[in-house]
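Novice: just need the structure, nothing else, for what follows:
(2 chains)
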Amino acid sequence: MSANGSGAPKARSSKRTDKLSLLLTAVGNQDKAAFEELFKHFSPLIRSFSQANQHEGSYPGLHEDLVQEVMIKIWQKAGKFDPEKASATTWIYTVARNCRIDMLRRKSNTQHLPLENEDYWQETDENTPSSLLQQKRSEDKLHAAMDRLPHEQKEILRKVYIEGKSHSETSQELGVPLGTVKSRVRLALHKMQIFVPFDQQDGLIYD
Amino acid sequence: MTSKKGFCPETEMLVEFSAGVLGPAESICVSAHLHFCSKCREALLQLDQLGAKLLGEGEGEPSGKTSFEEVLSKIEFADEDVKMQSEPSDEKQVVFAPVVDRLMKHNLKSLKWKKLSSSVEMAQLETGQNVFEVSLHKICAGGKAPVHDHQGLEYTVVLKGSFSDERSVYREGDFILREPGQPHQPIGAQNGECICLSAQSAPIKLTGPFGFLMNKWLQIHPS
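Specialist: This is a model prediction of the structure:
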């Protein structure tokens, strides 16, 4: 487990004390000054996160609508943020992702949608102190490993996560075969030590 | 062949789920599987951390017209709304998986079950999209479904009990993908009925004798 000695101190608690997590905690206590700082930090990031231009449901003002909707959600839900369980950025990422899907789905769909994206996600139960600590350590490790990813792998991850493109859209856009896109993603995950169970099933699934 | 590891969605699906680019029907199936699979939940947590890291290190687009004051003024309105709707009590017991429970509105009996064969029943779920037909399938204990094939993709998640086919036994939580050209015959386990969530993207084709007689009953009707 200590192969990638990143020099990070071995914290005994999983509680995040970075600036953003402290700010988000303050926002949970209705602190408007902290909220303004978070706004300054995240609104440009959220704006670039809505570059899903080709997407069904996308429209010219989507960027600004998303910034507003995400910031409002952050204000309303910050009280539920628990720095032991997640970093502020991860927490805000999930809020932004869910808002983006819901906005695109609402625009592209004339039918009533019985589910909000939040409904697809459930609170995890892996919340014992040791598992939380382990989660935080794997997050630190992931960050260090991600900084060392080759450009071609990171580029694909950015297309999927930030530009909201599927693997096949990414493959078309980059002019790279779908199989290559998939294997670059898998290689990247492997380097970051994210182990998806499917990869360990060795031929149990139809091929 | 049996496996103690269980069947999980392929890597790409989990990544697309975490990135929020997976379609609604596929997302429902992944979500149902997650309820049963702690390994996938753990992987997903890390995938979300990955997304967050990518979000955080983006260059960002600072020029925008939304001002902080604008957001604040909207919040004051929105706060009123929030106070109006009291928090839903999420203490209800999970029947199958939270996402499935929501779709069937916590009531198995209110679903319209339709007999597909002597041992298989099906009830459609409304999901607000029309790419996949999403439904629950029930196979009675020891019941044999007709041999059939699909013209499109079919995702299946076992919600209760187990079933088997020529290749394996599938237990609660297992996530199975069928592609066209893989005819199969699910058989319910002897010890009780089996309920599965399924999402199908095209009509089923019965391949057994007299299949042609039944094909017309099995057209999909996405809702």
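Novice: wasn't B:S198 part of a strand?
Specialist: Yes. Counting by DSSP: H, G, I helix; E, B strand; the rest coil, one finds B:S198 located in a strand.
Novice: partners of it in the sheet?
Specialist: Note on B:S198: beta-bridge partners by DSSP bridges are B:S135, B:T156.
Novice: return the residues in contact with it.
Specialist: Neighbouring residues of B:S198 by C-beta atoms under 8 Å, 6 or more residues apart in numbering or on different chains: B:V134, B:S135, B:L136, B:H137, B:E154, B:Y155, B:T156, B:V157. For glycine as for every other residue, the C-beta is placed from the backbone atoms N, C-alpha and C.
Novice: equivalent analysis for B:L55, please.
Specialist: Going by C-beta under 8 Å, 6+ apart, B:L55 touches A:L45, A:F49, A:T89, A:I92, A:Y93, A:A96, A:Y161, A:I162.
Novice: same thing but 7 Å
Specialist: If a contact means C-beta atoms under 7 Å, 6 or more residues apart in numbering or on different chains, then B:L55 has A:L45, A:F49, A:T89, A:Y93, A:A96, A:I162 as its contacts.
Novice: what does B:K65 give?
Specialist: B:K65 touches A:E64, counting by C-beta under 7 Å, 6+ apart.
Novice: wait, A:N117 sits on A:N98?
Specialist: Yes. Counting by C-beta atoms under 7 Å, A:N117 touches A:N98, with 4.1 Å between them.
Novice: spatially central residue in chain B, please.
Specialist: B:C29 (1.9 Å; C-alpha atoms, centre = their mean).
Novice: which residues touch stretch A:148-159?
Specialist: A:K165, A:T170, A:E173, A:V181, A:R184, A:V185, A:L187, A:A188, A:K191, B:L54.
Novice: tell me the secondary structure at the second one.
Specialist: It stands for A:T170. helix.
Novice: gap between it and A:P197?
Specialist: Remark: distance between A:T170 and A:P197 (C-beta to C-beta, to the nearest Å) = 23 Å.
Novice: next one: the fifth one
Specialist: Plainly put, A:R184 is 20 Å away from A:P197 if you go by C-beta to C-beta.
Novice: farthest-separated two in the contacts of B:L55?
Specialist: A:T89 and A:I162 (13.2 Å; C-beta to C-beta).
Novice: which of the two has more neighbours?
Specialist: Between A:T89 and A:I162, A:T89 has the larger neighbour count (other C-beta atoms under 10 Å in any protein chain shown), namely 25 against 20.
Novice: is it true that the more buried one touches A:S21?
Specialist: No. A:T89 is beyond contact range of A:S21, at 8.4 Å (criterion: C-beta under 7 Å).
Novice: could you pull up the mean pLDDT of the lengthiest helix in chain B?
Specialist: Counting residues, the longest helix found in chain B (DSSP state H) is helix B:38-56. Per-residue pLDDT values over helix B:38-56 give a mean of 93.
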